[in-house]
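Visitor: Just a sequence and a predicted model for now, questions to come.
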Amino acid sequence: MGVVAAALDYDAELMLRVKDGDGASFGLLLEKHRAAVIHFVYRLVQEQPVAEELAQEVFLRVYRSRSSYEPTAKFTTWLFRIATHLALNWLRDERHERGQERLDDGSPDLPARQVLDRRPSVEQELLYEVKVQEIRQAIATLPEKQRAAVLMHKYEEMEYTQIAKVLGCSESAVKSLLFRAYTTLRARLAHLGRI
Amino acid sequence: MICPMESHNPEMLVAYAAGELDVEAASALERHLAECPACASLATEQATVWKALDAWEAPPVSPDFDRRLYRRIANEVHLSWWERIVRPFRPVALRQLIPVTATAGLLLMAGLVLRHQGMVAPPQARAETVHAEQVESTLDDLELLRQFAPASSAESVHPNAM
């Protein structure tokens, strides 16, 4: 499996070069996966500064582990496993400390949209914000594993096998997790089709 | 085709909305959807949710993300051998330190409160003593008045007797 993974996965090859002291390869890995990791963590924790801080920790851990790195799995599986672990740990600590009041604090980290290009009306902008807020809340109510599975499936377009490896469960368990998650989301968000 | 709901394979409808089914499986499912209102309704709702989720864009990454990361990496390189050994235990140590510090603080507060109560208690006792003395003194005064009262009342009753 290790040799096969290294042969198939260009990222793993880059990581092996990092292991040999090639800093430029680390830069390439960062360039390639930076946005995906930050966006994934952001959708899990729903706070941009925290997401960037945790993403820094993810890449720092990758760098620290370079000397012991073995390509036993796809590089992104390892990367997202670290990211999921850190983000879910943060969520547990945060929930323990403050509960879930942040979800309703009325200050969502909405993305800086390209409003100047599309020039949406004030009404359209408000509708968009309401829609995004509903999506954020619906995702936030999902149990941790379901939430991580949906984000990897929907936004990172990962295959079931890879999601299973990141979450440490079987492929059928991932399918079941996703179906339950989407059932909840359908109940909460199906009306958005009318907006 | 067997109904995905009846064959305990509803995940197929999620995969269909996500565009994950191959052409053959997708067209077989579409033929089924034309005949099965329950599956058709679920597939429509799933497609709606799938599309709605696209609206949630993540914010752009900070321009100085890489600079901050490389600075942290540079700091790692200059860590002393002792810091490298201690680092993995630091989060655990911090997590354990917080409840221990909080407990110690609570105990200290409780001690101070109890000590404070101990210091306040004597004045209360003194107040009770003062009160008893006052009662006693009042009773003495009353007794004194009673001793003088017959004489004065006799004087007042028999002023002409003298």
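Guide: Right, received. Where do you want to start?

Visitor: these two touch, right, A:K32 and A:D11?
Guide: Yes. Here A:K32 reaches A:D11: they are 7.1 Å apart, a contact under C-beta atoms under 8 Å. (Glycine included, C-beta is placed from N, CA and C.)

Visitor: out of those two, which sits in the more crowded spot?
Guide: Higher neighbour count among A:K32 and A:D11: A:D11, with 20 against 14, using other C-beta atoms under 10 Å in any protein chain shown.

Visitor: For B:L33, which non-adjacent residue is spatially closest?
Guide: B:A40 (4.6 Å; C-beta to C-beta, 6 or more residues apart in numbering or on different chains).

Visitor: burial measure for the one you found, as a count.
Guide: Count around B:A40 with other C-beta under 10 Å applied: 15.

Visitor: hey, where'd the helices end up in chain A?
Guide: Taking DSSP state H to define them, one finds helices in chain A at A:2-8, A:10-19, A:23-45, A:48-64, A:75-98, A:115-118, A:122-140, A:144-154, A:160-167, A:171-189.

Visitor: Just say which of those is most tucked in.
Guide: Comparing the helices of chain A by mean neighbour count (mean count of other C-beta atoms under 10 Å in any protein chain shown), helix A:144-154 ranks first with a mean of 23.

Visitor: Any idea how far it is from the middle of the chain?
Guide: The chain centre lies 8 Å from the centre of helix A:144-154; the measure is C-alpha atoms, centre = their mean, to the nearest Å.

Visitor: at contact distance from chain B, anything in that helix?
Guide: Yes. Helix A:144-154 reaches chain B (C-beta under 8 Å from any C-beta of the partner chain) through A:H153, A:K154.

Visitor: next one: stretch A:169-189
Guide: Yes. Using C-beta under 8 Å from any C-beta, stretch A:169-189 reaches chain B at A:K175, A:S176, A:L178, A:F179, A:Y182, A:L185, A:R186, A:L189.

Visitor: which residues touch B:M1?
Guide: By C-beta atoms under 8 Å, 6 or more residues apart in numbering or on different chains, the residues touching B:M1 are B:A28, B:L29, B:R31, B:H32.

Visitor: Tell me how far it lies from chain A.
Guide: 19 Å (C-beta to the nearest C-beta, to the nearest Å).

Visitor: tell me the secondary structure for that residue?
Guide: At B:M1 the chain is in coil, as set by DSSP: H, G, I helix; E, B strand; the rest coil.

Visitor: Most neighbours among the contacts of B:M1, which one is it?
Guide: Busiest of these [other C-beta under 10 Å] is B:L29, holding 20 neighbours.

Visitor: Surely it is in contact with B:Y16?
Guide: Yes. Here B:L29 reaches B:Y16: they are 5.5 Å apart, a contact under C-beta under 8 Å.

Visitor: Find residues that contact each of these two.
Guide: With C-beta under 8 Å, 6+ apart, B:L29 and B:Y16 have common neighbours B:A43.

Visitor: ok, back up a step: C-terminal to the host helix or strand of the residue nearest to B:L33, what's the next element?
Guide: Element membership for B:A40, per DSSP states H and E: helix B:37-52. The helix or strand immediately downstream of helix B:37-52 is helix B:65-77, counting by DSSP H and E.

Visitor: Tell me who's in contact with the residue most central in space within chain A.
Guide: Central residue of chain A (C-alpha atoms, centre = their mean): A:F40, 1.9 Å from the mean position. Residues in contact with A:F40 (C-beta under 8 Å, 6+ apart) are A:F80, A:A83, A:A87, A:L151, A:M152, A:Y155, A:E156.

Visitor: okay if I get those residues as CSV plus pLDDT?
Guide: Shown next, in CSV, are those (pLDDT from 0 to 100):
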residue, pLDDT
A:F80, 98
A:A83, 98
A:A87, 97
A:L151, 98
A:M152, 98
A:Y155, 97
A:E156, 96
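
Visitor: Out of the residues you listed, the closest to chain B would be?
Guide: A:Y155 (7.8 Å; C-beta to the nearest C-beta).

Visitor: show me the contacts for the closest one.
Guide: Counting by C-beta under 8 Å, 6+ apart, A:Y155 makes contact with A:H39, A:F40, A:R43, B:L53, B:A58.

Visitor: And the fourth one, what's its pLDDT?
Guide: Predicted confidence (pLDDT) for B:L53: 95.

Visitor: so it touches A:E134, yeah?
Guide: No. Look at B:L53 against A:E134 with C-beta under 8 Å: they stay out of range, at 10.8 Å.
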